[in-house]
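Participant: predicted model and sequence follow; I will ask about them next.
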2 protein chains.
Amino acid sequence: MNRRLTQRGRERRRQLVEYAARRFAENGYHPTSVAEIVAGLGVGKGVFYWYFSSKEELFGEILREAQQELRRCQEQAIADEPDPLRRIELGIRTSMRWLGDHRHLFTLFQFAVTEDRFRGMLRRGEDVAVADAVRHIKEGIGAGRIRDTDPMVLTHAMLGVTNHLARVMIFERGDAPDDVADAAVAFCLDGLCGPPEKVPAAYR
Amino acid sequence: MNRRLTQRGRERRRQLVEYAARRFAENGYHPTSVAEIVAGLGVGKGVFYWYFSSKEELFGEILREAQQELRRCQEQAIADEPDPLRRIELGIRTSMRWLGDHRHLFTLFQFAVTEDRFRGMLRRGEDVAVADAVRHIKEGIGAGRIRDTDPMVLTHAMLGVTNHLARVMIFERGDAPDDVADAAVAFCLDGLCGPPEKVPAAYR
DNA sequence: CGGTTCCTTGACCAGACGGTCAAGGGTGCC
DNA sequence: GGCACCCTTGACCGTCTGGTCAAGGAACCG
């Protein structure tokens, strides 16, 4: 659905996206009905179908806008950092903070992966972010500071650490995003065994 | 629902669990109706409600049995390995292979996390597995072979790596589980920067 | 003022959903 | 045979779903 919207219209649309995202995350996408969304906003059902052609389209828009915003944050944070390892670190820290501030959107990402028709929507956005991280990793490998392994694999390993730690430590345990980011960065850089200088002589 | 079942009954129940799990994973939990499940098995609707009191209960059973089986595999693989780091490695390898063999169940785990009433069902099982890994990590820390960090955090970091790599590299890219396991183990042990002996002198 | 475009209403629809149940078949035991 | 128990059938129920649409209000423009 692509309508020409006035100021007022854009505001309504924003309301719908925001409220629906919250309800979807709290209650699940399928169990949340269009009727419930419009009732929660105190408007008639026609409003919904004026701005979106279907519930599915709305969900797609939520995903798209969320990914866009996360990506904008990351680009801004990394912008003038010359060191590739440090760019990676900043990426992790930014993600962690963003996830802490938008946990409901993270839940929606997780759900989207579990149904075919939504997985595709995520993929496009994820691929862009991954390609970006891969560039930094390649640079790190070129400089001999990252071991020479498939950069895609390394990227996804870091993504896995970040997402899972965000969910468990921030959402469920209530830890501070910055602390969790510290742990994630340390793990991604040096794994279980810790930075080289801390490895006992016997294992060097 | 707890019934006394004959041999024949147990077989029917197994059919229902298996077929439903596959449909839920392919099509989504909510979009898959009870009617569709029984039709796919060529039986009447009453059969479903003879074995399960609701669709939700069936889903819970699927989760419970899947977790139980994964855990059994891991315990068996680790049983007589004395070295804690190697136990961790074996745990990762076993998970990866199991996930490769049961990708549909992994999708269901992922979905379960996104809805409150199912998250609880997962938690109990996950907590047990995590507590187990934490024990091995503590042992590694005691031996000075793992850096002294919150073992829970390290465990979840590894879980994140394993799950995410399984999804992306095995399910989406079609890589061989054993290769992905190699990468996961390497990353978990030494992170991006690689084993100490490969770190260039300048950074030791 | 009239006209146009943007927005909103809510009754309405066909179909699907999860779940129930009276009835009956199959099997095995006494 | 007769009885009991396990299992199966499928029509049926009330409720809710995503989505439609004719009608009308509000804002702005000439």
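Facilitator: That came in fine, so what should we check first?
Participant: only the buried residues of the strand or helix carrying A:A129, if you could.
Facilitator: Assigned by DSSP states H and E, A:A129 belongs to helix A:116-142. Using 16 or more other Cβ atoms under 10 Å in any protein chain shown as the test for burial, helix A:116-142 gives A:118, A:121-122, A:125-126, A:129-130, A:132-134, A:136-137, A:139-141. C-beta coordinates here come from the backbone N, C-alpha and C atoms, glycine included.
Participant: now for whichever helix or strand comes after that helix, which elements pack on it?
Facilitator: Remark: after helix A:116-142, the chain's next helix or strand is helix A:151-165, criterion DSSP H and E. In terms of contacts (3 or more Cβ pairs under 8 Å, 6 or more residues apart in numbering or on different chains; DSSP states H and E), helix A:151-165 is packed against helix A:84-101, helix A:116-142, helix A:177-190, helix B:151-165, helix B:177-190.
Participant: mean confidence score for the third one?
Facilitator: Helix A:177-190 comes out with an average pLDDT of 96.
Participant: in chain A, which residue sits nearest DNA strand D?
Facilitator: Closest residue of chain A to DNA strand D, Cβ to the nearest atom of the strand: A:S33 (3.0 Å).
Participant: can you give me the neighbour number for that residue?
Facilitator: Neighbour count of A:S33, defined by other Cβ atoms under 10 Å in any protein chain shown: 12.
Participant: A:G60 too?
Facilitator: Neighbours around A:G60, by other Cβ under 10 Å: 18.
Participant: what's the helix or strand for it?
Facilitator: Assigned by DSSP H and E, A:G60 belongs to helix A:55-78.
Participant: quick one: is that helix near chain B?
Facilitator: No. Applying Cβ under 8 Å from any Cβ of the partner chain, one finds helix A:55-78 separated from chain B by no less than 11.3 Å.
Participant: show me chain A divided up by domain.
Facilitator: Per automatic domain parsing, the structural domains of chain A span A:1-53, A:63-197.
Participant: anything in the shortest one near DNA strand C?
Facilitator: Yes. For domain A:1-53 and DNA strand C, the contact criterion (Cβ under 7 Å from any atom of the strand) is met by A:3-6, A:8-9, A:12, A:42-47, A:49-50.
Participant: cool, and the last one?
Facilitator: No. With Cβ under 7 Å from any atom of the strand as the criterion, DNA strand C is not reached by domain A:63-197; the gap is at least 14.6 Å.
Participant: ok, that domain near DNA strand D or not?
Facilitator: No. Domain A:63-197 lies apart from DNA strand D when judged by Cβ under 7 Å from any atom of the strand; the minimum separation is 11.9 Å.
Participant: shaky segments in chain A?
Facilitator: Low-confidence segments of chain A (pLDDT under 70): A:194, A:196-204.
Participant: could you say which helix or strand holds the residue of it found nearest DNA strand C?
Facilitator: Closest contact between chain A and DNA strand C, by Cβ to the nearest atom of the strand, is at A:G46 (1.5 Å). Using DSSP H and E, A:G46 falls within helix A:45-51.
Participant: quick one: buried residues of that helix?
Facilitator: So, applying 16+ other Cβ under 10 Å, buried residues of helix A:45-51: A:V47, A:F48, A:W50, A:Y51.
Participant: contacts for it?
Facilitator: Contact with helix A:45-51 is made by A:M1, A:R3, A:G9, A:R12, A:R13, A:L16, A:V34, A:A35, A:I37, A:V38, A:L41, A:L58, as judged by Cβ atoms under 8 Å, 6 or more residues apart in numbering or on different chains.
Participant: apply 10 Å and report the result again.
Facilitator: With contact meaning Cβ atoms under 10 Å, 6 or more residues apart in numbering or on different chains, helix A:45-51 is reached by A:1, A:3, A:5, A:9-10, A:12-17, A:20, A:34-35, A:37-39, A:41, A:43-44, A:54-55, A:57-58, A:61.
Participant: and it with DNA strand D, contact?
Facilitator: Yes. Shown here: helix A:45-51 in contact with DNA strand D (Cβ under 7 Å from any atom of the strand) through A:K45, A:G46, A:Y49.
Participant: does stretch A:106-113 come close to chain B?
Facilitator: Yes. Using Cβ under 10 Å from any Cβ of the partner chain, stretch A:106-113 reaches chain B at A:F106, A:T107, A:L108, A:F109, A:Q110, A:F111, A:A112, A:V113.
Participant: how far off centre is that stretch?
Facilitator: Taking Cα atoms, centre = their mean, to the nearest Å, one finds stretch A:106-113 lying 9 Å from the centre of the chain it belongs to.
Participant: count of residues packed around A:P31?
Facilitator: By the criterion of other Cβ under 10 Å, A:P31 has 13 neighbours.
Participant: and if you look at the one 4 residues further on?
Facilitator: Taking other Cβ under 10 Å as the neighbour definition, A:A35 ends up with a count of 10.
Participant: mind listing what it touches?
Facilitator: By Cβ under 10 Å, 6+ apart, the neighbours of A:A35 are A:K45, A:F48.
Participant: ok, back up a step: correct me, but the residue of chain A closest to DNA strand D touches B:H30?
Facilitator: No. Between A:S33 and B:H30 there is no contact under Cβ atoms under 10 Å: 11.6 Å.
Participant: what's near enough to touch the residue lying closest to A:A129 once chain neighbours are set aside?
Facilitator: Using Cβ to Cβ, 6 or more residues apart in numbering or on different chains and skipping the chain neighbours, the partner closest in space to A:A129 is A:R71 (6.0 Å). Contacts for A:R71 (Cβ under 10 Å, 6+ apart) come out as A:W98, A:G125, A:E126, A:V128, A:A129, A:D132.
Participant: so how many other residues sit close to the closest residue to A:F52 other than its chain neighbours?
Facilitator: Spatial nearest neighbour of A:F52, excluding adjacent residues (Cβ to Cβ, 6+ apart): A:L58 at 4.3 Å. By other Cβ under 10 Å, 23 other residues sit near A:L58.
Participant: right, I'll call it a day here.
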